[in-house]
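Participant: the sequence and its predicted three-dimensional model are supplied below.
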Amino acid sequence: MFAIIGIVVVFGAVLAGFLMEHGHMSVLVQPAELLIIGGAGAGTLLIANPLRILKKIGAGALAVFTGTSPFGRDRYLATLKMMYELLQKARRGGMLTIENDVEQPDQSPIFQTLPAFLSDHHARDFVCDTLRMVITGGVEAFDMDQMMDLDMEVQHHSTEEPVTALATMADSLPGLGIVAAVLGVVITMGALGGPAEEIGQHVAAALVGTFLGILMCYGLVGPVSQNMAKASTEEHAYLYVLRVLMLAFIRGQPPVVAVEMGRRAIPAHVRPSFSEVEEACRKHGEAEGAPAQPAA
């Protein structure tokens, strides 16, 4: 929603300033210039990227305009509660008691409490694959940390690919605007000797090409790619919290301490308070007939 508002503000401010200088809107309506710049920009995107990245660009751009961040305060609080339940189950009955949960997460009563986690295949596989290795045994905590770090690096690189591709396209738009302007100058040269009004129209069209290229770069495509980059960073931060939490448990910390370590790794602007997490864990303990352990 804010992305749409931002675009309206950008284009509205530019057009309002143009009108304040007594400009004529009809001069800016140059479909041919827009076709040259937009079509060539889309073409460079097709040349430079395989289909899988193009699909990610489409999905990422759609999320910018239609959705909000899925990694809010409520999502983190629910995740900490879910992981506490899972690790508490493993601590009480042994790691084999959660084998069915990690092998078939869609059928796990614990994971089903957080549908957003189940639908996020990156996070779901990250947790389940890590716990599978823990259940198998024989892997040191340091090696598990290295595996999780490698997994996060690969996934972060995957989510950054569409961002880089879109940013590269944005960088090309001013140059494509110059291409459109040069073509306009060529047309103007061919009209020399004609009426001054006609020559002026051709010159204006050429300059509009440069204007559109720069505006689309810095006022539309570039900001969209930056928004997508922030979404990628938020996903990386979410996985990092899960990594810290699971690593603490793997190293022998009780679930309540592992959850608190994960809470401390949550970005400050969406971090739930200690009391909120404690209350969520206490409710789980009371539901099982045993109070949650006090925080260390």
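Facilitator: Structure received.

Participant: count of neighbours near Val123?
Facilitator: To be clear, residue 123 is Ala; Val isn't right here. 22 (other CB atoms under 10 Å). C-betas here are computed from N, CA, C, even on glycine.

Participant: and it, how far from Asp106?
Facilitator: Distance of Ala123 to Asp106, computed by CB to CB, to the nearest Å: 14 Å.

Participant: where are the low-confidence patches of this structure?
Facilitator: Along the chain, the parts satisfying pLDDT under 70 run over 284-296.

Participant: repeat that for 50
Facilitator: For the chain, applying pLDDT under 50 flags the ranges 290-296.

Participant: which strands and helices lie in contact with the helix ranked longest in it?
Facilitator: Criterion DSSP state H: the longest helix present in the chain is helix 141-190. Applying 3 or more CB pairs under 8 Å, 6 or more residues apart in numbering; DSSP states H and E, one finds that helix 141-190 makes contact with helix 31-48, helix 51-66, helix 121-136, helix 196-216, helix 222-250.

Participant: list the contacts of the fourth one.
Facilitator: What it means is helix 196-216. If you take CB atoms under 8 Å, 6 or more residues apart in numbering as the criterion, helix 196-216 is touched by 10-11, 14, 27-28, 30, 32-34, 36-38, 41, 170, 173-185, 187-188, 191-192.

Participant: ok now stretch 25-40, how far from the chain's centre?
Facilitator: For stretch 25-40, the separation from the chain centroid amounts to 30 Å (computed by CA atoms, centre = their mean, to the nearest Å).

Participant: what sits up against it?
Facilitator: With contact meaning CB under 8 Å, 6+ apart, stretch 25-40 is reached by 15, 18-19, 173, 176-177, 179-180, 183-184, 204-205, 208-209, 211-213, 216.

Participant: just the buried ones from those?
Facilitator: Among those, those scoring as buried are 173, 176-177, 179-180, 183-184, 204-205, 208-209, 211-213, 216 (criterion: 16 or more other CB atoms under 10 Å).
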